[in-house]
Every structure is written in structure tokens, then in C-alpha cells.
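1. quick one: sequence and predicted model below, then my questions.
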Amino acid sequence: QVRLVESGGGWVQPGDSLRLSCAASGFIFSDYSMTWYRQVPGKERELVAAISTNGNSVNYIRSVRDRFTIDRDNNKNMLYLQMDALKPEDTAVYYCASCRWGDCSADKVLSWGQGTQVTVSS
């Protein structure tokens, strides 16, 4: 059974940092690209960052480039998102998801986690 379990969300002040983690099980983690999506109420899920199977290729949306870092540990079946210099507009539920590289749009995602809330507010 495929499972993706996010953790590490919470409430922080603008400028603070958070590190999200996603524990994967039930599939060969190293065979799949991984992504972080986020969603706010009333809006579609937004692809924030993606990482290839071996971690050599990464992509970010412009609004988080230079602030967020996606990483993975294939030995531990773990995906991470280091978020620095957080802004109120980063407030959302963050989801990890598996996909095939180049085919990571929301409708092509293979598996979703349950999400973790990140709130950035003073």
C-alpha cells in the first residue's frame, strides 16, 4: 500500500524557517520523481517544487526560488522541503506527491499525502 505522510508544518512568523518531511512507503521510492504542492482554500493545488529520481534535477515556481529547497534521501525513503524566509503568502496546506518526471501536473500525480498545514503570520 502506497503511503506518503507529511510532517513538520506549523505556525511561524514572517522570515522564519520550516522544514517539511514526507515519509514514503509501499513503493520503490527511488523510481519516482517527487513533488511538493500547496493549496489554499478556494484555489487549485499549486506545484511548488519537483525533484527527479536521483535528485540531480530540481524545479521551483518563481515565487519560492531562492527561499525553498527540495531534497530527498533515497536510502531513507524521505522527501524534504526546506522553507526559509517564509512569507504570509506561503500559508497553505502542503502536500507531497509522487509522479513521473515531466508529468507532474496535478492530474498526473500518482499518489498524494494527506497534507500538512503551514501558517505564516505575525
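-> Perfect, I can see it now.
2. read off the pLDDT value for the residue positioned nearest the centre of the chain.
-> Computing the C-alpha centroid of the chain and ranking residues by CA atoms, centre = their mean puts W36 first, at 2.2 Å. pLDDT, W36: 98.
3. now do the contacts for it.
-> W36 sits next to 20, 22, 47-50, 70, 79, 81, 94-97 when contact means CB atoms under 8 Å, 6 or more residues apart in numbering. C-betas here are computed from N, CA, C, even on glycine.
4. ends of stretch 68-80, how far apart?
-> Start and end residues of stretch 68-80 are separated by 10 Å (CA to CA, to the nearest Å).
5. give me the buried positions along it.
-> F68, T69, I70, R72, N77, M78, L79, Y80 (16 or more other CB atoms under 10 Å).
6. can you mark which positions in stretch 109-117 are buried?
-> V109, S111, W112, G113, G115, T116.
7. returning to what we had before: for the buried residues of stretch 68-80, give me CSV that also has distance to D31.
-> Shown next, in CSV, are the buried residues of stretch 68-80 (distance: CB to CB, whole Å):
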residue, distance to D31
F68, 24
T69, 23
I70, 17
R72, 12
N77, 11
M78, 15
L79, 14
Y80, 18
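8. quick one: stretch 63-74 to chain centroid distance?
-> Stretch 63-74 sits 8 Å away from the centroid of its parent chain (CA atoms, centre = their mean, to the nearest Å).
9. same check on stretch 107-122?
-> 7 Å.
10. before we move on, the earlier item: spatially, which two of the buried residues of stretch 109-117 are the most separated?
-> Farthest pair in the buried residues of stretch 109-117 (CB to CB) is V109 and T116. Separation: 16.6 Å.
11. what mean pLDDT does stretch 10-20 get?
-> On average, the pLDDT along stretch 10-20 is 98.
12. CA atoms only for that stretch - export them in PDB, please.
-> Only the C-alpha atoms of stretch 10-20 are listed here, as PDB (Å, rounded to 0.1, in the frame of the first residue of the first chain):
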ATOM      1  CA  GLY A  10       3.100  24.600  11.900                       C
ATOM      2  CA  TRP A  11       2.700  28.300  12.700                       C
ATOM      3  CA  VAL A  12       5.600  30.600  12.200                       C
ATOM      4  CA  GLN A  13       6.300  34.300  11.800                       C
ATOM      5  CA  PRO A  14       7.300  36.000   8.600                       C
ATOM      6  CA  GLY A  15      11.000  35.500   8.000                       C
ATOM      7  CA  ASP A  16      11.100  32.200   9.900                       C
ATOM      8  CA  SER A  17      12.000  28.800   8.500                       C
ATOM      9  CA  LEU A  18      10.300  25.400   8.500                       C
ATOM     10  CA  ARG A  19      11.400  22.000   7.200                       C
ATOM     11  CA  LEU A  20       8.700  19.700   5.900                       C
END
